[in-house]
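Colleague: fold the following and give me the result.
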Amino acid sequence: MLRTFLTVFAAAALLASTATPSRAGAWTEAKGGYYDKFSFNYYYSDESFGSDGKRSNSALDGKFHDRNLTNYLEYGITDRLTVINSLTYKWLRNEYDATVTRGDGLGDVDLGVKYKLIDSPKGGIVSSQLLVKIPGAYSKTDQLPLGNGQYDTELRLLYGRSLYPAVPGYANLEFGYRWRAGDPSDEIRYLVEFGVDLTRALYARTKLDGTLSVDNGKMLDGNGNPTATNNFDLGKLEVALGYKITENWGVEATYTPSLYGQNTAAGATYSVGIFVKNP
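Modeller: Down below sits the predicted model:
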């Protein structure tokens, strides 16, 4: 799994070095500016990645469903400093054999800050990001918990570059480390993103979002949620298509399948959302 991660990240670094700014990734919001996206997401899995990385049917004919509403907000305190917040309300359902468990409620809350370190017309943008995950209104001892029920702290370095005039788009790279309290393992986080404007209103984006476990978590894992195991690797590929109805709002649809992993569910997420932004 480490070899897969290094190969993908090296290839993406080469792409970005040859590269229109995006509101995502390394770019910060202007002072007083914001980006707010509200989405409905449906994740389904009836397969899992084993400790050897091979994909197989879930044990006991298991089927896992995660329906959730998510609001993601970025707001510019200054031109260089942006604050971040993400809230999610989940409805979970896990089926195996003749047993069905359910869980619903407010999931984990993300609070963060992103600071632009370098803004070079030729070299691109470099930013740093600090993110804290706060456990939501649930207990990790629930029959089907919404998460691991502990705090995370993540530090991330982000690099973004316009591909214009060669391509009306951008490339973005991210690399970070997440310290996880309690039973779960710490994680290396990496992300490779490419976006392009197809027309003045229509755009497309693809994103490889990866997690690499440091394997320092508790080995015994009694969590009933197959997406919240203690020591897991996971690589997901997001494919998105969006339409800007006006300069300040639009709609977006995404499909995000799991490509590779270890010790976690192997499924896909389907999302539809609406976003507003200013400027």
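Colleague: neighbours of residue 82, just the number please.
Modeller: For residue 82, the count of nearby residues is 26 (other CB atoms under 10 Å). Placement of C-beta: from N, CA and C, glycine included.
Colleague: what's near enough to touch it?
Modeller: Going by CB atoms under 8 Å, 6 or more residues apart in numbering, residue 82 touches 28, 29, 74, 75, 76, 113, 114, 115.
Colleague: just checking, the fifth one touches residue 31?
Modeller: Yes: in this structure, residue 76 is within contact of residue 31 by CB atoms under 8 Å, at 5.1 Å.
Colleague: neighbour-wise, which of these two wins?
Modeller: Between residue 76 and residue 31, counting by other CB under 10 Å, residue 76 is the more crowded of the two (20 against 13).
Colleague: quick revisit: just put the contacts of residue 82 in JSON lines and tack on secondary structure, pLDDT and distance to residue 233.
Modeller: JSON lines is the format used below for the contacts of residue 82 (DSSP: H, G, I helix; E, B strand; the rest coil; pLDDT from 0 to 100; distance: CB to CB, whole Å):
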{"residue": "28", "secondary structure": "coil", "pLDDT": "98", "distance to residue 233": "30"}
{"residue": "29", "secondary structure": "coil", "pLDDT": "98", "distance to residue 233": "32"}
{"residue": "74", "secondary structure": "strand", "pLDDT": "98", "distance to residue 233": "28"}
{"residue": "75", "secondary structure": "strand", "pLDDT": "98", "distance to residue 233": "33"}
{"residue": "76", "secondary structure": "strand", "pLDDT": "98", "distance to residue 233": "34"}
{"residue": "113", "secondary structure": "strand", "pLDDT": "99", "distance to residue 233": "28"}
{"residue": "114", "secondary structure": "strand", "pLDDT": "99", "distance to residue 233": "26"}
{"residue": "115", "secondary structure": "strand", "pLDDT": "99", "distance to residue 233": "29"}
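Colleague: would you turn these into CSV with distance to residue 47?
Modeller: Formatted as CSV, those follow (distance: CB to CB, whole Å):
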residue, distance to residue 47
28, 38
29, 38
74, 34
75, 38
76, 41
113, 37
114, 35
115, 40
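Colleague: which among the residues you listed count as buried?
Modeller: Among these, those classed as buried by 16 or more other CB atoms under 10 Å are 28, 29, 74, 75, 76, 114.
Colleague: now do the contacts for the residue nearest to the second one when sequence neighbours are not counted.
Modeller: Computed as CB to CB, 6 or more residues apart in numbering, the closest residue to residue 29 that is not its neighbour in sequence is residue 76, at 3.2 Å. Under the criterion of CB under 8 Å, 6+ apart, the contact list for residue 76 reads 28, 29, 30, 31, 32, 33, 34, 82.
Colleague: same check on residue 259?
Modeller: Residue 259 is in contact with 208, 235, 236, 237, counting by CB under 8 Å, 6+ apart.
Colleague: beta partners of the third one?
Modeller: With DSSP bridges as the criterion, residue 236 is bridged to residue 209, residue 258.
Colleague: my guess is residue 261 meets residue 234, correct?
Modeller: Yes: if you go by CB under 8 Å, residue 261 and residue 234 touch, sitting 4.1 Å apart.
Colleague: now do the strands in this structure.
Modeller: Listed in chain order, the strands of the chain (DSSP state E) span 34-49, 55-57, 63-76, 81-96, 99-106, 109-120, 124-134, 152-162, 169-180, 187-197, 202-213, 233-244, 249-262, 264-278.
Colleague: no further queries at this time; thank you.
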